[in-house]
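Q: Take a look and give me a structure for this.
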Amino acid sequence: LKELHGGRMTEQSVGFAELNKWLHKSKTPIDVDTGTLLFVCAYRHRHAYNAGDYLPSVLAFHRQLIILSVVNKWKFTAILDGASPVEKAFEHQRRVDKEDSITINSTYIAMCAKVCRTMFIDFVVAPEEADMQVGRRSNSTTAMGCDSDLIAFGNKIVVMIDNYHQEKYRIIDMTKPITEYTKDELPLYYYHHKYGIKIIHWWAATMGCDISEERCGIKHIGRDKFLSALESFEDKDLSALNEDCFAEALAKRTSIYRRLRGAKKTIRNELKRVGHWFTERGKYYDNDGNICTIDRVLAKRATRATRDHMEGMLDPKSCEPFTAEQLNHLDYLRTHNLAHKSYVDNKHINGLSLPEGKTCVADCSVNELKAMIIPRGGGVTGRDGNALKKQDLVRIVNAYLHGEKENSHTVYFDRTKNSNGLFAKIDTSQKATVPEIITKLLRCGEHEERIQDLFVDLLRCYEEDRVVHDFTTISLTAPDL
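A: Numbers count the residues shown, from 1 in each chain. Sure thing, here's the model as predicted:
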């Protein structure tokens with residue numbers, strides 16, 4: 001990346017505030033390659049992840065989506081990894097050999113897809129690698145992620161997220177015009193502009209990429225020899241630069257290859273193999289669910305299976321229906337329950353339904369009616385402070401039960417202060433009084449005039465001591481519906 005415009009670490013920016021302005025100004029669709037983000041979330045909780053508990057990692061992913069979509073207000077499409085290409089077997093083995101390694105599996109990816117779906121965030125499960133899918137469904141897409149392959153696959157603008165948590169990023173712009181500075185300081189970028197994307201592919205083959213047998217790419221050839229070989233074609237016709245000629249130029253600059261028979265052929269084959277990977281071998285889904293190759297050739301027409309896979313309804317890696325174990329993980333995952341582990345089984349909620357032996361609400365005693373109202377956050381006293389009569393309690397309970405019957409997606413929470421309650425382990429480091437919060441909202445200036453007036457009125461009520469806090473009617477120790 002440091003060889004490209006905007007890729008040096010000295011050009012790194014911190015804070016998404018400025019990036020937000022840049023994205024808003026560009027007004028282009030955003031595709032986020034979530035491969036690295038999923039890995040970081042899983043690695044942060046690798047001990048639980050390797051033990052088969054994916055929830056902490058999914059929670060970290062969920063929080064990051066909230067930051068990107070709600071706090072930073074990005075409208076993006078999350079691209080998730082699909083099947084693992086066989087060509088990446090060497091890279092996968094290198095990752096497995098690392099200490100404390102983790103393998104991103106299909107169950108974890110499917111759980112993250114469910115998080116995107118329930119948060120109403122657009123997402124696509126790619127047929128293979130996510131970086132192949134990024135930017136394919138629109139020519140003006142801004143690619144975002146942490147993988148230099150996004151550039152090799154032809155994306156012109158890439159926001160390289162170096163650290164999501166610290167909001168560090170670089171903007172790689174492959175459309176910047178050539179100047180004397182770029183020609184002298186960024187020769188790879190200069191040659192890319194002169195000869196095309198194949199220079200990036202040959203660089204990947206020479207220096208090493210995900211499909212390289214060796215991490216270093218082609219052995220004994222480094223940056224200087226690569227650029228020197230390119231420089232030898234400076235005064236020649238553009239058509240003179242092909243895999244054969246460039247392989248010969250590289251071999252001439254390396255003593256071991258000069259003595260080795262067949263070295264030129266070995267280098268040429270590797271240049272062609274990597275170039276084919278980035279220009280033809282990769283696959284992506286178009287908007288209709290057809291599978292196309294990177295060079296936009298139709299590989300497979302859309303079917304119910306391809307659409308289901310794209311929408312996260314099948315195993316991301318095998319494209320098969322989910323196993324019983326995977327379905328258990330997905331069923332147990334309740335995205336509304338990620339911020340606090342407060343979900344409770346409705347079988348253990350007192351007052352959830354009519355007491356045993358009672359057939360209608362009117363048959364219940366006053367105490368039984370109160371027991372059904374309080375867990376739902378309702379009050380059992382009137383505005384005059386007197387206890388409600390039984391007929392009023394019956395009316396309230398009937399309204400609750402009718403509403404819950406109409407809504408089949410009722411969620412049950414535990415509001416207790418124990419280790420699993422909704423009010424447990426709340427981060428109070430940013431605690432502020434209500435007037436302080438209202439003051440900050442007033443200073444925000446993003447609200448329409450009527451809302452601003454509401455904040456002004458609220459603040460005046462506090463200043464005039466006209467606000468009464470009465471928590472006696474709130475049942476913090478009862479489950480809430």
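Q: List the buried residues of whatever helix or strand E368 lives in.
A: E368 is part of helix 366-373 when elements are defined by DSSP states H and E. Buried residues in helix 366-373, counted by 16 or more other Cβ atoms under 10 Å: E368, L369, K370, A371, M372, I373. Every C-beta, even on glycine, is put in place using the N, C-alpha and C of the backbone.
Q: now for the next helix or strand after it, which elements pack on it?
A: Next helix or strand after helix 366-373 toward the C-terminus (DSSP H and E): helix 390-406. Judged by 3 or more Cβ pairs under 8 Å, 6 or more residues apart in numbering; DSSP states H and E, helix 390-406 is in contact with helix 366-373.
Q: In terms of secondary structure, what does the helix it packs on contact?
A: Here helix 366-373 is seen to pack against helix 390-406 when contacts are counted using 3+ Cβ pairs under 8 Å, 6+ apart.
Q: now the helix it packs on against helix 366-373, angle please.
A: With axes from the mean of the first three to the mean of the last three Cα atoms, to 10 degrees applied, the angle from helix 390-406 to helix 366-373 works out at 30 degrees.
Q: And the average pLDDT for helix 390-406 is what?
A: Across helix 390-406, the average pLDDT comes to 89.
Q: Give me the residues contacting the next helix or strand along the chain from it.
A: Tracing the chain C-terminally past helix 390-406 and defining elements by DSSP H and E, one meets helix 434-444 next. Contact with helix 434-444 is made by A432, H447, Q452, F455, V456, L458, L459, Y462, E463, V467, as judged by Cβ atoms under 8 Å, 6 or more residues apart in numbering.
Q: Enumerate the positions of helix 434-444 that are buried.
A: Buried residues in helix 434-444 (16+ other Cβ under 10 Å): I438, L441.
Q: tell me the mean pLDDT for that helix?
A: Helix 434-444 shows a mean pLDDT of 84.
Q: for that helix, the distance to its chain's centre please.
A: 31 Å (Cα atoms, centre = their mean, to the nearest Å).
Q: Please write out the alpha-carbon positions of it in PDB.
A: The C-alpha trace of helix 434-444 is given here as PDB (Å, rounded to 0.1, in the frame of the first residue of the first chain):
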ATOM      1  CA  VAL A 434     -30.700  14.900  32.800                       C
ATOM      2  CA  PRO A 435     -30.200  18.700  32.500                       C
ATOM      3  CA  GLU A 436     -26.600  18.100  31.300                       C
ATOM      4  CA  ILE A 437     -27.900  15.700  28.600                       C
ATOM      5  CA  ILE A 438     -30.600  18.100  27.500                       C
ATOM      6  CA  THR A 439     -28.000  20.900  27.300                       C
ATOM      7  CA  LYS A 440     -25.800  18.800  25.100                       C
ATOM      8  CA  LEU A 441     -28.800  18.000  22.900                       C
ATOM      9  CA  LEU A 442     -29.500  21.800  22.600                       C
ATOM     10  CA  ARG A 443     -25.900  22.400  21.500                       C
ATOM     11  CA  CYS A 444     -26.100  19.600  19.000                       C
END
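Q: after it, next one along is what?
A: Going down the chain from helix 434-444, the next helix or strand is helix 449-463, by DSSP H and E.
Q: So which elements touch that following helix?
A: helix 434-444.
Q: and the helix it packs on with helix 449-463, angle?
A: 150 degrees.
Q: By mean pLDDT, flag the weakest helix or strand of the protein.
A: Across the helices and strands of the chain, mean pLDDT, DSSP states H and E gives its lowest value to helix 255-259, namely a mean of 72.
Q: next structured bit after that helix?
A: helix 263-276.
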